[in-house]
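Trainee: my questions are about this predicted structure, shown below with the sequence.
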Amino acid sequence: MMRRRDFMAAAAGAGIGAASGGGSARAAETSKGKAVLKLSCQEGVMAGRDLKEKLDNLEELGFAALEPHGGGLPQRVDKYKQALEGRNVKISAICAGFQGCIIGVDPDDRAKAMRTMKEILTAAGQLGSTGMIIVPAFNRAKALPHKEARVLLTGFDRWDRRKTHDPKPLLVELGEFAAQAGTRVVLEPLNRDECYFMRTLADAASMCKDVSSPGMAMMGDFWHMTWEETCDMGAFLTGGDYLHHVHMASRRTRRIPTTDGDADNYVVGFKGLKAIGYQDYVSLECGGPKDQGERKKVLANCVKLLKEQWEKA
Ligand code: MG
C-alpha cells in the first residue's frame, strides 16, 4: 500500500494538488514556473546590535529579505528605505503590529483593528512588502463565535451564498485596500494554544477563495503546522496560489532551525512549495542565542541546512 507521503509526492509530480472546489487555485507548477528558495529573517531574529549591523549580517549570510514588525511602521518607512538603499535586501512580509481584533465582540475593537491595519498596509505598500500578516483572533481576545465571525469577514454563510452586506465583509474591504496600496493582507493560521479561529492552511485558503481579491493571501508557519497539519506538503498544496509567505522555526522548541537536530526536517514541506511554484519568502520567526556572535553562527548553519533540504526536496 502506498504510504501517504509517497502518494503526495506522486500526486504533485502528476500536477494534482492545489485545485480548489472553485477551480481558482491551481497547482502553479505550470503557471508560475520553477519555485525558488528566498530566505528572509525577522528583524528581531537577525544577529546585530542595530538595523545596519543586522542588514550587513543578513547579506553576508545569504538572506534575501528582512521581515520587520508592523508596530509603528508608518513612522519607520523612511528609516527602512534609507537603510536598504544600495543593498540587495528587500522587505518581505510585515509581521502584524495592529491593535484591536477584527472579529471582536465589541464593534469599537473591530473598527480599531480595521483602522490600524490600513495604516500598516499603506506603509507596507510603500516598502514593496509581500503583505501584512494578520491573525483574526488570538485565544485571549473577546471574539465572536466562529460562524458569525466568518460571515463578518467574508460574507459567505455557505460556499455558494454570500449574504448581502452593508457595509462590505471586512476582508473584502481590507483586501481591496491592500491591493490599492500595492500589497496584500496575509492570513496566518496558528496552533490551538494561540488561536482556535483559524488553525490550518486549508481554512485560511478557503477564506481567500471566498474573498477572491488580489489583495487577499495566506501563509504557513512550520511551527504551527507541526501542531496542526497531517502533511506539510498537503498543507502547502491546499494553499496553492493563495500562499504568499512562510514562517520557519525549529520543530520542537521554536528556535533557529538546526537547534532540534533530526526533528528539523522541512523536506516534505519544501516539496509542496516546489509543487506550487512558490515565489515568495521563507522567513525565520524563532528564538536564538542571546550572544550575537553565537546567534550569527547558528544562523549560518541554518542557511546551510535549509539550502541542502531544498535541494533534496
Ligand atoms: Mg508565524
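Mentor: Perfect, thanks for sending it. Computed from a predicted model, the values in this text were never measured in an experiment. Numbering: from 1, shown residues only.

Trainee: interface residues of the chain facing the ion?
Mentor: Within the chain, the positions adjacent to the ion are 221, 247, 285 by CB under 5 Å from the ion. For every residue, glycine as well, the C-beta is placed using N, CA and C.

Trainee: the last one contacts residue 246, doesn't it?
Mentor: In other words, residue 285. No - Residue 285 is beyond contact range of residue 246, at 9.7 Å (criterion: CB atoms under 8 Å).

Trainee: between the residues of the chain next to the ion, which sits nearest residue 48?
Mentor: Of all the residues of the chain next to the ion, residue 48 sits closest to residue 285, with 16.8 Å by CB to CB.

Trainee: for the closest residue to that closest one other than its chain neighbours, phi and psi?
Mentor: Using CB to CB, 6 or more residues apart in numbering and skipping the chain neighbours, the partner closest in space to residue 285 is residue 247 (4.3 Å). Torsion angles at residue 247 (phi, psi; degrees, to the nearest 10) stand at phi -100, psi 150.

Trainee: repeat for residue 162
Mentor: phi -90, psi 120.

Trainee: and it, how far from residue 136?
Mentor: Remark: distance between residue 162 and residue 136 (CB to CB, to the nearest Å) = 18 Å.

Trainee: returning to that earlier point: reformat the residues of the chain next to the ion as JSON lines; add neighbour count, pLDDT and distance to residue 227.
Mentor: Formatted as JSON lines, the residues of the chain next to the ion follow (neighbours: other CB atoms under 10 Å; pLDDT from 0 to 100; distance: CB to CB, whole Å):
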{"residue": "221", "neighbour count": "23", "pLDDT": "98", "distance to residue 227": "10"}
{"residue": "247", "neighbour count": "24", "pLDDT": "98", "distance to residue 227": "13"}
{"residue": "285", "neighbour count": "22", "pLDDT": "98", "distance to residue 227": "15"}
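
Trainee: quick revisit: hang on, isn't the residue nearest to residue 285 packed against residue 280?
Mentor: No - using CB under 8 Å, residue 247 and residue 280 do not qualify as a contacting pair, with a distance of 11.6 Å.

Trainee: just the strands from the stretch 151-300 of the chain, written as ranges.
Mentor: 156-158, 161-162, 185-187, 216-221, 243-248, 281-284 (DSSP state E, counting those that start in this stretch).

Trainee: can you give me the helices for the stretch 101-250 of the chain?
Mentor: 107-126, 146-154, 170-181, 201-211, 222-228, 232-239 (DSSP state H, counting those that start in this stretch).

Trainee: make JSON lines out of these and add mean neighbour count and mean pLDDT.
Mentor: Compiled in JSON lines, these are given as follows (neighbours: other CB atoms under 10 Å; pLDDT from 0 to 100):
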{"stretch": "helix 107-126", "mean neighbour count": "19", "mean pLDDT": "98"}
{"stretch": "helix 146-154", "mean neighbour count": "18", "mean pLDDT": "94"}
{"stretch": "helix 170-181", "mean neighbour count": "20", "mean pLDDT": "98"}
{"stretch": "helix 201-211", "mean neighbour count": "23", "mean pLDDT": "97"}
{"stretch": "helix 222-228", "mean neighbour count": "20", "mean pLDDT": "98"}
{"stretch": "helix 232-239", "mean neighbour count": "26", "mean pLDDT": "98"}
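
Trainee: ok, which of those comes nearest residue 270?
Mentor: Nearest of the helices of the stretch 101-250 of the chain (CB to CB): helix 232-239, 8.3 Å.

Trainee: now the closest one - C-alpha only, PDB.
Mentor: In PDB, the C-alpha atoms belonging to helix 232-239 read as follows (Å, rounded to 0.1, in the frame of the first residue of the first chain):
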ATOM      1  CA  ASP A 232       3.400  19.700   5.300                       C
ATOM      2  CA  MET A 233       3.200  19.100   1.600                       C
ATOM      3  CA  GLY A 234      -0.600  18.600   1.600                       C
ATOM      4  CA  ALA A 235      -1.000  21.800   3.600                       C
ATOM      5  CA  PHE A 236       1.000  23.900   1.100                       C
ATOM      6  CA  LEU A 237      -0.900  22.300  -1.800                       C
ATOM      7  CA  THR A 238      -4.200  23.500  -0.300                       C
ATOM      8  CA  GLY A 239      -2.600  27.000  -0.100                       C
END
